[in-house]
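In: Here is my input, please return the structure:
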Amino acid sequence: MPGGRLTQQERRQIALGMADGLAYAEIARRLDRPTSTITREVMRNGGPAGYRADLAHRATEHRAHRRKKTAPRSAEAPPQPHGRGAEAVREFEEVFTTVMMASGMPTMMARVMACLTLTDSGSLTAADLVQRLEVSPASVSKAIAFLDSQGMVRRERDERRRERYIVDDDIWYRAMMASAQSNAQLVATARQGVPILGPGTPAATRLENVARFLDFVSESLARAAEQARDILHTTPRTPPTPRPEPHPSATLMLNFSPEAI
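Out: Presented below is the predicted three-dimensional model:
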């Protein structure tokens, strides 16, 4: 399997595959590359709808040039428990981060969230995050404040009175419910505009249709999250059955409030 950076020709093949509606795994198979490499490449360069081969190539060259001027990242990835491959974990963490960024989460918040989620304990201190992510304490503090405001992390004091940041089993349930509530507020606001614009007018009809659509989606999302909540608290005894890879246009639907940034 070839290593190293993607070539410009490979990026053009990725763009063609995306245009043809191919899944990341199929594009990766044709290029003899890991699926994670293709996922990360697309998510870092415009996402499924905005990926352009030439722009992606120039952006990658620019990032590589900029990295040469900064302190290098630790040469070796930290050792991993349970026989995990350290480099594979690091690569997956980057992919997970970029997917959350594509859903609307700011960069540093996504990095912190991925770092917490991929630890077995689901719990780290500010010092742990600074060391693992090689960022400033101020960056970690801002990211935690944002995630806390969104209900994505909680804070606790450990036996040494240090503040620990924790992701628990219900974070994704809360995120889905917050998204449903945000949609519900938009539904109510849209319907307030119908009598103002005049019932039956094109603009009012458009607003009413938007409200009906989002009302149905938010109710369905909240109901599905409630029904599936117990899944977050189960411990599988056997490896889960692999699901088909989603189409490249599939994106995690979460709402992140810009006022909290």
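In: Around residue 23, how many other residues sit close by?
Out: 18 (other CB atoms under 10 Å). Quick note: C-beta positions are derived from backbone N, CA and C, even for glycine.
In: What segments of the chain are helices?
Out: With DSSP state H, the ranges of helices along the chain come out as 8-19, 24-31, 35-44, 47-50, 53-68, 86-102, 107-117, 126-133, 137-149, 171-197, 202-228.
In: which residues of the chain score low on pLDDT?
Out: By pLDDT under 70, the weakly predicted segments of the chain are 1-3, 62-78, 236-261.
In: Find the nearest non-adjacent residue to the residue at minimal distance from the centre of it, please.
Out: By CA atoms, centre = their mean, the chain has its centre lying nearest to residue 100, at 1.0 Å. Residue nearest to residue 100 in three dimensions, not counting chain neighbours: residue 110, with 4.1 Å by CB to CB, 6 or more residues apart in numbering.
In: Let me know how buried the one you found is, in neighbour terms.
Out: Using other CB under 10 Å, residue 110 has 22 other residues around it.
In: what separates residue 140 from residue 165, distance-wise?
Out: Computed as CB to CB, to the nearest Å, the residue 140 to residue 165 distance reads 9 Å.
In: Overlap in contacts, these two.
Out: Common contacts of residue 140 and residue 165 (CB atoms under 8 Å, 6 or more residues apart in numbering): 112, 126, 129.
In: What is the nearest of these to residue 209?
Out: Nearest to residue 209 out of these is residue 112 (CB to CB; 38.6 Å).
In: My read is that that closest one contacts residue 133, right?
Out: Yes. With contact defined as CB atoms under 8 Å, residue 112 counts as touching residue 133 (7.1 Å).
In: can you list residues touching both of those two?
Out: In terms of CB under 8 Å, 6+ apart, residue 112 and residue 133 are both contacted by the residues residue 140.
In: more neighbours, the two?
Out: Just comparing residue 112 and residue 133: by other CB under 10 Å the higher neighbour count belongs to residue 112, 30 against 18.
In: List the residues that contact that one.
Out: Listed by CB under 8 Å, 6+ apart, the contact set of residue 112 reads 129, 133, 140, 143, 144, 147, 165.
In: before we move on, what about residue 27?
Out: The contact partners of residue 27, taken as CB under 8 Å, 6+ apart, are 13, 14, 17, 18, 38.
In: cool, and residue 42?
Out: Residue 42 neighbours (CB under 8 Å, 6+ apart): 14, 18, 24, 48, 51, 248.
In: Residue 25 versus that one, what's the distance?
Out: Distance, residue 42 to residue 25, by CB to CB: 12 Å.
In: Could you do residue 142 as well?
Out: In this view, residue 142 and residue 25 are 36 Å apart by CB to CB.
In: The protein - how does it break down into domains?
Out: For the chain, automatic domain parsing gives the domain ranges 8-68, 86-166, 171-233.
In: if we can go back for a sec, now tabulate the shared contacts of residue 140 and residue 165 in TSV and tack on distance to residue 217.
Out: Output for these, formatted as TSV (distance: CB to CB, whole Å):
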residue	distance to residue 217
112	29
126	37
129	35
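In: from those, which is closest to residue 195?
Out: Nearest to residue 195 among these: residue 112, at 44.4 Å, using CB to CB.
In: what number of residues lie near residue 19?
Out: Count around residue 19 with other CB under 10 Å applied: 10.
In: what residues does stretch 6-19 touch?
Out: By CB under 8 Å, 6+ apart, the surrounding residues in contact with stretch 6-19 are 26-27, 30-31, 33, 37-38, 41-42, 48, 51-54, 56-57, 60, 248.
In: could the helices of the chain go into a markdown table alongside distance to residue 79?
Out: Converted to a markdown table, these look like this (distance: least, CB to CB, whole Å):
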| stretch | distance to residue 79 |
| --- | --- |
| helix 8-19 | 32 |
| helix 24-31 | 28 |
| helix 35-44 | 20 |
| helix 47-50 | 33 |
| helix 53-68 | 24 |
| helix 86-102 | 6 |
| helix 107-117 | 16 |
| helix 126-133 | 13 |
| helix 137-149 | 23 |
| helix 171-197 | 27 |
| helix 202-228 | 35 |
